[in-house]
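**Q** how would this look folded up:
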Amino acid sequence: MRTEESSKKNGSESVVQRIIDQLVDAVISGKIKPGEKIPTETEMAEEFGVGRNSVREAIKILVHLGVLEIRRAEGTFVLDGFSESMIDPMIYGIILQKEDSSEDLMELREMMEVGVMQLAMKKLDQYDIYNLEEKLDQMKKEISKGPENVGRVFEADNEFHSAISDMGQNPLVEKINRIVSLLTRSMRFKTVDTMLSTGRGQELFDAHQELYDMLVSRKTENMNQAVRKTYFSGITFGKAEDESSK
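**A** Predicted coordinates for the structure are as follows:
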C-alpha cells in the first residue's frame, strides 16, 4: 500500500493525515477494492511505521466520512458502493493544499452556483417558484431591520440558495454544493456583513431578486455576473476569517 511518493510526504504533515491519504490513495488506485477488508491496525502500524493510536484515529475519520465501515468481529472494510461523503476528503484535500485558497474558493462557489442555477431551470415547477419567492420576501424583511440583523440576513441568504439547489433534485449536486457552501461560509458572511454595514442592503436584495427573475424567466444570459453579485460584489477577501470573530 505504501508508495515512494507517499513516503516523501512533507514532514510537517500530521501522521494521521498521511495515513488517511495512503488509505484513500489505495482505494482510488484499486489496491483495495470496495467491499474488501483493510489490514488490521497492527499491520498498518508496522507498514507505515507509525503508532496504532494514529492508525485508529485515521480509521475513525474515514468511517465518519463514509469511506470505511467497521463490522464487529469481522474488521474494517471499504464501503461497497459510492458514498456522497467520499466527496468531502477530496474537496478538503484540494483546499488544504494551498496556504490561502480564498480566490480559488470564490471561483469554485461561482462555478457551482451557475451549475445549480442551470439545473434548477430545467426542473423547477410552480411550487418551487412560490417557495423561492417566500425566501426572497423573508430576506427583504430581515434586511429592512438594519445592519445589526446581519445573522438573520445571512440565514435568509442561505435558505434562498438552498432552495435553488433543492430545485435541481440531484442529491450528488446538493451534496457538493453543501460542502462548497460550508467552505465559503466565512467569506459569504463577510459579504453580507459588509453590504449591510455600508448601507448596501438594497443592493444585496436586488442581486438575489435578479437570480429569482432569471430562474422564473429561464434566462441564462450573464448568469455568471448575476451570481457573482450575490457573494462578491465589491468585497475584497484576504484570508478567510470566521464570522464569530466579528
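**Q** could you give the mean pLDDT of the helix ranked longest in the chain?
**A** Longest helix of the chain, by residue count under DSSP state H: helix 102-123. Helix 102-123 shows a mean pLDDT of 85.
**Q** how far off centre is it?
**A** Its chain's average C-alpha position is 12 Å from that of helix 102-123, according to CA atoms, centre = their mean, to the nearest Å.
**Q** quick one: buried residues of that helix?
**A** 102, 105-106, 108-110, 112-117, 119-121 (16 or more other CB atoms under 10 Å). Glycine gets a C-beta too; all of them are placed from N, C-alpha and C.
**Q** quick check, nearest of those residues to Lys135?
**A** Ala120 (12.9 Å; CB to CB).
**Q** just the element for Thr76, please.
**A** Element membership of Thr76, judged by DSSP states H and E, is strand 75-78.
**Q** packing partners for that strand?
**A** Judged by 3 or more CB pairs under 8 Å, 6 or more residues apart in numbering; DSSP states H and E, the packing partners of strand 75-78 are strand 68-71.
**Q** among the buried residues of helix 102-123, which one lies nearest to Ser162?
**A** For those, the nearest to Ser162 is Val116 (10.0 Å; CB to CB).
**Q** could you chop the chain up by domain?
**A** 6-87, 100-237 (automatic domain parsing).
**Q** point out the most buried one among those.
**A** domain 100-237 (a mean of 17; mean count of other CB atoms under 10 Å).
**Q** tell me what the longest helix of the chain is packed against?
**A** helix 150-167, helix 171-183, helix 185-197, helix 201-217, helix 223-232.
**Q** how near is Glu110 to Lys229?
**A** 10 Å (CB to CB, to the nearest Å).
**Q** no wait, Leu132
**A** Relative to Lys229, and taking CB to CB, Leu132 is found at 17 Å.
**Q** quick one: the longest helix of the chain to helix 150-167, angle?
**A** Between helix 102-123 and helix 150-167, the angle comes out at 50 degrees (axes from the mean of the first three to the mean of the last three CA atoms, to 10 degrees).
**Q** hey, least reliable of the domains of the chain by pLDDT?
**A** domain 6-87 (a mean of 80).
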